[in-house]
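# predicted structure and sequence below. I'll ask about it afterward.
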2 protein chains.
Amino acid sequence: MLARELDARKQQILWAVIREYVARAEPVASEALCQRYGLGVSAATIRNGMHALTEMGYLCQPHTSAGRVPTDRAYRLYVDWLMAGHPSAGVEQRLSAAERERIRRRMQSKDHPEDALAEAVQTLASLTDYPSVASTPGGPRRLQHLHLVPLSDQRALLVVVAEGAVDQRVVRLQRPATEDELRQVSQLLTRALAGLPVSDITDGVAERIAAALPDQRELVTAVVAQLRRYGGLRTGVRFFVEGVSNILKQPEFQDVRRAHPVLAALDREEVLRDVLLPAPPDVHVRIGRENPVDEMRSCSVVAAAYRVRGRTVGVVGVVGPTRMPYARTIALVRYLAQALSQTLSYGV
Amino acid sequence: MLARELDARKQQILWAVIREYVARAEPVASEALCQRYGLGVSAATIRNGMHALTEMGYLCQPHTSAGRVPTDRAYRLYVDWLMAGHPSAGVEQRLSAAERERIRRRMQSKDHPEDALAEAVQTLASLTDYPSVASTPGGPRRLQHLHLVPLSDQRALLVVVAEGAVDQRVVRLQRPATEDELRQVSQLLTRALAGLPVSDITDGVAERIAAALPDQRELVTAVVAQLRRYGGLRTGVRFFVEGVSNILKQPEFQDVRRAHPVLAALDREEVLRDVLLPAPPDVHVRIGRENPVDEMRSCSVVAAAYRVRGRTVGVVGVVGPTRMPYARTIALVRYLAQALSQTLSYGV
DNA sequence: GCCTAGCACTCGAGCGCCTAGAGTGCTAAC
DNA sequence: GTTAGCACTCTAGGCGCTCGAGTGCTAGGC
């Protein structure tokens, strides 16, 4: 099957230009394609094809006497083609068994969800050589357990266990509470709230629970207030980032004026949010101008959701130049999301 | 009082060159000093002084017909001068009341130690415009509380409360345990271990405790094993980093080949460890070649310890070019470490 | 004896010019 | 429809030049 609009030769040429440009980061000449790819025709013929592809918006020329560079549109066509399951013109998009094994080994036996996320972004960054990002588990998680641990007379620690995540908050006590009292409240709250999506907890709920234990009204209210802050879908999500400086290895970012906006954007949480979320069902690729954030228009983002026991809770992905070996990057991100899902589902 | 070796005039000139170079990032000419600083002598005289300072190793020249640039040695002299409590040649090193107030407000009411650290590095990065780093609380903390929370039949969550830090680990259960059993073990362990420095916990301790509750030997052993992993002084410390891309705003890092090693180093935990730790008693300044890590030799690090209830547990600081307004940076880092100490001592 | 004005000297930044080479687009022939 | 040939275009980079900044030195002044 052919990509829409393109005849077999044009597609061959376009895929070849993409491969060559991804490999060398320099405008691709007709002669070079002729030599290195067995297209069976002369450079002149390839030139004709490249000319047509330029008119169609798939290629562009930095200047008259330069070779061709693929446009965002070309990458989009290519990625759609890959995602539709087509073999990728000689590029192996599956990972080797050895690679899978290595990834799996790195990811397993992380007892702490945050360790697992840290390991995931480290692995991804080292395998792709791109900045890698993961969001902490978020979304409508169901609460499993609450625990209050005494810290001092004025403070207790609230441990929240929800699907795929554990977190803690300090709760201020209006008056000293014994360990027994804390346990009592913990049990009451756990019984009342377990199974509820964290985001569903409202002040009304607090009232109802407090009614069952009027003595501890303030404490219950304080705990629920903390839960609401914690559960607010947005506020809870943080990001693990690794290998930001990798972007400076890319030839397109040798100029600081190009690199700086991207690096600055990667420093900002709200940018990561906009670029990565919402979690896509499968691997998601955003190419150049498709990105919602201006500073990222010179980059591509490849991201995949990870799951805890089947429920999508976060995203992991990479940010690289639009000139990117998409087949391999997609395969890596997809596999890493799987491995991470497995580790997290096991672990907590 | 004068800095050793330098007469009054030379010192005046050197301080002026430093101020001027810090402000403009370009080699400083004798004429410029003459115009902008009331030194009361002509450019020719200043040239004589600059010549001498060059011979003494405090200034250098990019080339014959250029102005002078301060060396690391000059900054060291200047910083020692500042740290000895001398007024800093017209530069205000104290923070204004308004600034103090703003910082204090940003830092207060962070219920979660990690939130406080995150806020600290964000504040520091935005005030200095340099990459900012903080280590998580570490060192010989005394254990305060242990708590086991049930997760599933095969797993329990171990919540560790120690001075200035709370953390959690998953413990695998050999056989299902009831909530009561977990509580019993928690209490036993807390009673046995509270007050002990986390790093002092050994397998021998586990044996002794387990003897008191033979039924739960495996669980006790598993918990202690996790504590040892956690308590290993080195492994526990992580770093919060913010504003890494700020380094690209500096003129000395406009060349990617200069900027990349620094950014890559800031991505690596062991580098941060070497550069920031051990925590200094007061503010500590490492200038250029004084840094233990090669990639950081073009940078200066200003760092200060923060404390939890009087005990030094971590470091917070910035990384910038050697050309840095030291008086202000030192004041900011010092104040931020104080504010952070206060927040953490209050909070947990 | 220290300071200063004057001046010759050095060096880099920036500009214009030039050439070599890469790669195209077109045309005419197969 | 394909190809060889060729004229055309545009960039990268080397060279030489000038300009200006800033110094170091020296001779004269307070």
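Yep, that arrived.
# which sections of chain A are below the confidence cut-off?
Scanning chain A for pLDDT under 70 picks out the ranges A:1-5, A:87-93, A:109, A:111, A:139-141, A:163-166, A:229-236, A:347-348.
# which helix in it runs the most residues?
helix A:326-347 (DSSP state H).
# send the alpha carbons of that one over as CSV?
Coordinates of each C-alpha in helix A:326-347 appear next as CSV, following Å, rounded to 0.1, in the frame of the first residue of the first chain:
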residue,chain,number,x,y,z
TYR,A,326,11.2,7.7,14.5
ALA,A,327,11.0,3.9,14.1
ARG,A,328,13.5,3.2,16.8
THR,A,329,12.4,6.0,19.1
ILE,A,330,8.8,4.9,19.0
ALA,A,331,9.8,1.3,19.7
LEU,A,332,11.9,2.3,22.7
VAL,A,333,9.3,4.6,24.2
ARG,A,334,6.6,2.0,23.7
TYR,A,335,8.6,-0.7,25.3
LEU,A,336,9.7,1.4,28.2
ALA,A,337,6.2,2.4,29.0
GLN,A,338,5.3,-1.3,29.1
ALA,A,339,8.2,-2.1,31.3
LEU,A,340,7.4,0.7,33.7
SER,A,341,3.7,-0.3,33.8
GLN,A,342,4.8,-3.8,34.8
THR,A,343,7.2,-2.6,37.5
LEU,A,344,4.6,-0.3,39.0
SER,A,345,1.8,-2.8,38.9
TYR,A,346,3.9,-5.3,40.7
GLY,A,347,5.5,-3.0,43.2
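# just the strands in chain A please.
A:59-60, A:69-70, A:132-135, A:143-150, A:155-162, A:165-172, A:239-242, A:284-287, A:299-308, A:311-321 (DSSP state E).
# buried ones in the longest helix of chain A, by neighbour count?
A:326-347 (16 or more other C-beta atoms under 10 Å in any protein chain shown). C-beta coordinates here come from the backbone N, C-alpha and C atoms, glycine included.
# which elements pack onto that helix?
Applying 3 or more C-beta pairs under 8 Å, 6 or more residues apart in numbering or on different chains; DSSP states H and E, one finds that helix A:326-347 makes contact with helix A:72-83, helix A:97-107, helix A:113-128, strand A:299-308, strand A:311-321.
# how far out from the middle of the chain is that helix?
Between the centre of helix A:326-347 and the centre of its chain there are 10 Å (C-alpha atoms, centre = their mean, to the nearest Å).
# still on that earlier bit, chain B is nearest to which of the helices and strands packed on helix A:326-347?
helix A:113-128 (8.5 Å; C-beta to the nearest C-beta).
# which elements pack onto the closest one?
helix A:97-107, strand A:132-135, strand A:239-242, strand A:311-321, helix A:326-347.
# how does it look with 10 Å?
helix A:97-107, strand A:132-135, strand A:165-172, strand A:239-242, strand A:299-308, strand A:311-321, helix A:326-347, strand B:165-172 (3 or more C-beta pairs under 10 Å, 6 or more residues apart in numbering or on different chains; DSSP states H and E).
# which one, of those, ends up nearest to DNA strand C?
Of all the helices and strands packed on helix A:113-128, strand A:311-321 sits nearest to DNA strand C, with 20.1 Å by C-beta to the nearest atom of the strand.
# pretty sure residue A:340 contacts residue A:122?
No. Between residue A:340 and residue A:122 there is no contact under C-beta atoms under 10 Å: 11.8 Å.
# and for those two, which residues touch both?
Counting by C-beta atoms under 10 Å, 6 or more residues apart in numbering or on different chains, residue A:340 and residue A:122 have no common neighbour.
# residue contacts, residue A:191?
Going by C-beta under 10 Å, 6+ apart, residue A:191 touches A:146, A:209, A:212.
# could these go into a markdown table alongside neighbour count and distance to DNA strand D?
Listed next are those as a markdown table, based on neighbours: other C-beta atoms under 10 Å in any protein chain shown; distance: C-beta to the nearest atom of the strand, whole Å:
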| residue | neighbour count | distance to DNA strand D |
| --- | --- | --- |
| A:146 | 23 | 63 |
| A:209 | 21 | 69 |
| A:212 | 11 | 75 |
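# cross-check those residues against chain B and keep the overlap.
Among those, the residues that sit close to chain B (C-beta under 10 Å from any C-beta of the partner chain) are residue A:146.
# looking at the contacts of residue A:191, which is nearest DNA strand C?
The closest of these, once distances to DNA strand C are taken by C-beta to the nearest atom of the strand, is residue A:146, at 64.6 Å.
# quick check: that closest one touching residue A:196?
No. Between residue A:146 and residue A:196 there is no contact under C-beta under 10 Å: 11.0 Å.
# any residues in contact with both of those two?
What both residue A:146 and residue A:196 touch, as defined by C-beta under 10 Å, 6+ apart, is the set A:162, A:227.
# residue A:46 - how many residues pack around it?
24 (other C-beta atoms under 10 Å in any protein chain shown).
# for residue B:183, see how far away the residue of chain A positioned farthest from its centre is.
Using C-alpha atoms, centre = their mean, the residue of chain A lying farthest from its centre is residue A:215. It sits 45.8 Å away. Distance of residue A:215 to residue B:183, computed by C-beta to C-beta, to the nearest Å: 22 Å.
# what does residue A:124 give?
40 Å.
# in terms of neighbours, single out the busier of those two.
The residue with more neighbours, out of residue A:124 and residue B:183, is residue A:124; 29 against 17, by other C-beta under 10 Å.
# in this structure the more buried one contacts residue A:315, no?
No. Assessed by C-beta under 10 Å, residue A:124 is found out of contact with residue A:315, at 11.9 Å.
# where do the contact lists of the two overlap?
The contact sets of residue A:124 and residue A:315 overlap at A:133, A:134, A:333, A:337 (C-beta under 10 Å, 6+ apart).
# pick the one among those closest to residue A:27.
Distance to residue A:27 across the shared contacts of residue A:124 and residue A:315 (C-beta to C-beta) is lowest for residue A:333, with 28.1 Å.
# who are the neighbours in contact with that closest one?
So residue A:333 contacts A:124, A:127-128, A:130, A:132, A:283-285, A:301-304, A:315-318 (C-beta under 10 Å, 6+ apart).
# and if we set it to 7 Å?
A:283, A:302, A:303, A:304, A:316, A:317, A:318 (C-beta atoms under 7 Å, 6 or more residues apart in numbering or on different chains).
# adding distance to residue B:60, write the contacts of residue A:191 out as JSON lines.
Shown next, in JSON lines, are the contacts of residue A:191 (distance: C-beta to C-beta, whole Å):
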{"residue": "A:146", "distance to residue B:60": "63"}
{"residue": "A:209", "distance to residue B:60": "71"}
{"residue": "A:212", "distance to residue B:60": "76"}
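# what is the nearest of the contacts of residue A:191 to residue A:309?
residue A:146 (19.8 Å).
# so who does the closest one touch?
Applying C-beta under 7 Å, 6+ apart, one finds that residue A:146 lies in contact with A:158, A:160, A:186, A:189, A:190, A:193.
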